[in-house]
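Trainee: My questions are about this predicted structure, shown below with the sequence.
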Amino acid sequence: MKSRKTMTELELCVLGSIWLRGPCSAYVLRREFAESSSSYWSSSAGSIYPVIERLKRAGLVTLAADPADRRGTRAVAATEKGRRALVAWFADLPAWTGKATLDPIRTRLNFIAVLKSRSDQRRFVERAQENTRAEIASLRSSLGALGQDAGAERLTTLGALYELEGRMKWLKAVRNALSHRRIG
């Protein structure tokens, strides 16, 4: 297994989720990643299960069968070594963490010239705004359901909300630029 310095963000995020949830199944982790407000994480079995296996081989998590579960579900739990790896991850906050996050709309905008007509470009921006508005509404609903005492979960949801509100402001600037000229 790689050292903590060479572990991926996904590996460390899965480890953190295991630590936070306590003993839980891989299915619970997959569902958590699928429901995440981030499009960055994959919740596929092809990404989560291999990560858990790597963490197990490194001694960062343990797997224990639930004797009451006939399907053979195993509970994953962080070890003390895993907790120490998480603490070290927090202590090491490299400069790249201050960079803009992955934004598939911003990435696509680099290639907007492939859409030859201004109306097609405008439709792209309108769809981006619609999708972002819908996610903002979903995050606001989640915040309402969390309540004021939800701690870190509320703050991370608030961070996602602020990021998407910033995206909406940027998309408005893109739309204004399109109304004056074709971009690309």
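Mentor: All right, it came through fine.

Trainee: Walk me through the domains of this structure.
Mentor: What automatic domain parsing lists as the domains of the chain is 4-97, 100-180.

Trainee: What segments of this protein are helices?
Mentor: Counting by DSSP state H, residue ranges of the helices within the chain are 9-21, 26-34, 45-57, 80-91, 104-109, 118-146, 152-180.

Trainee: and of those, who's closest to Arg71?
Mentor: Smallest distance to Arg71 across the helices of the chain (C-beta to C-beta): 10.0 Å, for helix 26-34. To be clear about C-beta, it is placed using only N, CA and C from the backbone, and glycine gets the same treatment.

Trainee: Now the closest one: buried residues?
Mentor: Ala26, Val28, Leu29, Arg30, Glu32, Phe33 (16 or more other C-beta atoms under 10 Å).

Trainee: how distant is it from the center of its chain?
Mentor: How far helix 26-34 lies from its chain's middle: 12 Å, per C-alpha atoms, centre = their mean, to the nearest Å.

Trainee: do stretch 121-139 as well
Mentor: With C-alpha atoms, centre = their mean as the basis, stretch 121-139 stands 18 Å off its chain's centre.

Trainee: So which bits of that stretch are buried?
Mentor: Under the neighbour-count criterion of 16+ other C-beta under 10 Å, stretch 121-139 has Gln121, Arg122, Phe124, Val125, Ala128, Gln129, Thr132, Glu135, Ile136, Leu139 buried.

Trainee: Make JSON lines out of these and add distance to Ala113 and pLDDT.
Mentor: JSON lines is the format used below for those (distance: C-beta to C-beta, whole Å; pLDDT from 0 to 100):
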{"residue": "Gln121", "distance to Ala113": "9", "pLDDT": "94"}
{"residue": "Arg122", "distance to Ala113": "14", "pLDDT": "93"}
{"residue": "Phe124", "distance to Ala113": "11", "pLDDT": "96"}
{"residue": "Val125", "distance to Ala113": "14", "pLDDT": "96"}
{"residue": "Ala128", "distance to Ala113": "16", "pLDDT": "97"}
{"residue": "Gln129", "distance to Ala113": "20", "pLDDT": "98"}
{"residue": "Thr132", "distance to Ala113": "22", "pLDDT": "96"}
{"residue": "Glu135", "distance to Ala113": "26", "pLDDT": "93"}
{"residue": "Ile136", "distance to Ala113": "28", "pLDDT": "96"}
{"residue": "Leu139", "distance to Ala113": "32", "pLDDT": "93"}
